[in-house]
Each structure stands twice: as C-alpha cells, then as structure tokens.
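**Student:** Here is a sequence with its predicted model. Questions after.
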Amino acid sequence: MSPRHRHALTASIGLAILLYLTFVLLADQAAVFAALQRIGLPMLLAIFALSLFNYLLRFWRWQRYIAAFGHDLPWWRHWLYYLAGFILTVTPGKAGEAVRSLYLHGHGVSYAQSLAALFVERLLDVLAMSLLALLILLARPDYAWLVAVAWALALALGGLVTRPWLPQRLRDWGHGHRYGHQVERLARLLDSAATLLQPGVFLFGLGLGVLSWGLEGLSLYLIARDIGVGISLVTGIGIYAIAVLAGALSFLPGGLGGTEAVMGGLLIAFGADGPSAVAITLLCRIATLWFAVALGGVAVGILGIDSHGLNRPGDKEGTGSV
C-alpha cells in the first residue's frame, strides 16, 4: 500500500474512533455498554458470518464481471484481490477499492475493464439499496420522501450512464480540450461498462446486490432484537439501506458520520432509546464496515508476502488461463 493510501486509512480510522467515542460520550456510557453486553457470542458469530457471506456473494458477482471481459483468474488469488480492495473502502464513494485494478492489470485485465466493473458494481449497489429502502414504507409511509430522493438520484444516474450515445458524446466534447485525455479514459470506461449493463448481466448483478445487502440489514435486525429493540425484519433492512445511502450521498470516507447519524436517528424513531440506538449502530458498523477493512488488511498482507517471491502475477499460477 502506498504512503498516501496508508495516511488516508489512518485518518479514516482516527475519524471513526473520534466519532464513535463522541456518540458514546453524548449518550449514557453505562447504558451503552450494558446494551452491548446483551449480545451473546452466538449472535456475534452470526452477524460476522452474514457479513462474510455478503462479501462472497459480491465476489461472485465481481468474478462474473471480470469473466465477461474474457478473463479467468485463479479463484483464490482473485478472492484475495477482491478483499484487498476493502482496506480502502473507507474512502469517498469507496473509490479506494479501485486498488484492485493494480492487481488485476498484471493478469491482462485493462484498467478500463476493472474500473468499469467497479463502476457498475457501485451503480447496482445504489439501485439495490434503493429497492431495499422501500421496505421501510411498510412501517412508516411518512418516510416516502426519503425513498423518493434515493430513487430520483439512482434513476437519474442509472439513466444517464446507460445511454449508448454518451461515450461518443464525451469524446466529441473532449476533443481538443485540455482534459481530453481524462475524458477519453471515461469514455473507454463507459464502453466497457456497456458489456456489464446488458439485461442478463444487469439483472444478475442487481439481484445479487439486493440479496447480499439484505443480509447486512438482517444483521442490524438481529442485533436490535438481541439488545431488546422491537423492530421488524423489513424495518431493520429498510433502516440499514437508508442509512448506507445517506452515508454514500455524504461522500465522506466510508459514509462515516452520515450513516451512523441516520441509522441511530431512525432506530430512535422506531422506538429505541438513545443508548440502545448507539450500541446497535456501533456494533452494526463494526460487523458490516470495519470487518471488511480488517479482511482487506489481511489480504494485502498475504499478497505482500507473495510479491516477495511467492506466486507473482507472472508465475504459472498467477497467469493461469488469462
């Protein structure tokens, strides 16, 4: 990892610690810790297992995307590349996950292709979250405006980037422009993304996104139930989806602050007391965000060992069947 990325990660972790300490200090600290102590070991194992299953499902989707471009990587190494991106998931819009492109480039995957896969993955995640956010309307129809905002933004973005004329329009606009080279890169990315936005691939990715992110919402529901907050499963999934969308729209690293504030506020609106809402939010974010960052760190460590003589991308296993 480059020094710049290390500094960004350190800053994000420091911001998170400061933010979470502030939440605890503003609430009743004793009550927050008492709520956390109600979570038993089986439940902790269950919520971390759900997160891991979420990552596996999303990796399956990612692997299908790379295969759609004609590349077939050894699955274990590809899995490590995918996890490695999570170490920089605490960047605005999760853009740091593009570090996967550096690993994949050694296997013949062009930057335009891997970045297109990341772009489509992010787009479908927003659409999947917008669908899951609809569930909250079953309990609180007065939150329709929140869902409407999410859907307006998602549909506007999705409608724009799927226009077949957009890449050429960008090339025409960038011709002779001082930033023409960057515009050409964006046009190539959108050309590659068109492969992944074909109806069959698109629906597969969207369906898997709804399932995988729904598992994260299930984690929030299970945590709330164990702590003693009586929300329904659909409400828990809806709260999680709206909170993550709010964090994404904030463009803060990993949605830090925005996601936690909306998640806690919605939990209180559905009957949780302040300390319980803080406890649920903190544990949910540890299991669904920081667990991924930790796995990314492990993957980067393993890949770093490999780069010192074990299975480099140019070795037999690394180039496999590209």
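**Tutor:** Received it, and whenever you're ready, just let me know what you need. Residues are numbered from 1 along each chain as shown.
**Student:** who touches the helix or strand that contains residue 281?
**Tutor:** Residue 281 belongs to helix 274-285 when assigned by DSSP states H and E. Contacts with helix 274-285, where a contact means C-beta atoms under 8 Å, 6 or more residues apart in numbering, come from 20, 23-24, 27-28, 31-36, 39, 47, 219-220, 223-224, 227-229, 240, 259-260, 263-265, 267-268, 272. C-beta: built from backbone N, CA, C; applies to glycine.
**Student:** Quick one: mean pLDDT over that helix.
**Tutor:** In this model, helix 274-285 has an average pLDDT of 93.
**Student:** just to revisit the earlier point, show me which of the contacts of helix 274-285 are buried.
**Tutor:** Buried by 16 or more other C-beta atoms under 10 Å: 20, 23-24, 27, 31-32, 35-36, 39, 47, 219-220, 223-224, 227, 229, 240, 259-260, 263-265, 267, 272, out of the contacts of helix 274-285.
**Student:** and residue 80, what does it touch?
**Tutor:** Residue 80 makes contacts with 299, 302, 303, as judged by C-beta under 8 Å, 6+ apart.
**Student:** closest to residue 59 among these?
**Tutor:** When the contacts of residue 80 are compared for distance to residue 59 (C-beta to C-beta), residue 299 comes out closest, at 11.3 Å.
**Student:** how much space between that closest one and residue 87?
**Tutor:** Going from residue 299 to residue 87 by C-beta to C-beta, to the nearest Å gives 7 Å.
**Student:** Compare these two and say which is more crowded by neighbours.
**Tutor:** More neighbours surround residue 87 than the other of residue 299 and residue 87, with 25 against 20 (other C-beta atoms under 10 Å).
**Student:** where's that one relative to residue 156, distance?
**Tutor:** Distance from residue 87 to residue 156, by C-beta to C-beta: 31 Å.
**Student:** can you give me how far the helix or strand hosting residue 76 is from the chain middle?
**Tutor:** Element membership of residue 76, judged by DSSP H and E, is helix 75-84. Its chain's C-alpha centre and that of helix 75-84 lie 16 Å apart, by C-alpha atoms, centre = their mean, to the nearest Å.
**Student:** I'd like the next helix or strand past it.
**Tutor:** Per DSSP H and E, helix 75-84 leads on to helix 100-105 as the next helix or strand towards the C-terminus.
**Student:** Could you list every helix and strand that that next one packs against?
**Tutor:** With contacts defined as 3 or more C-beta pairs under 8 Å, 6 or more residues apart in numbering; DSSP states H and E, the packing partners of helix 100-105 are helix 75-84, helix 111-133.
**Student:** pLDDT of the last one, averaged?
**Tutor:** Computed over helix 111-133, the mean pLDDT rounds to 89.
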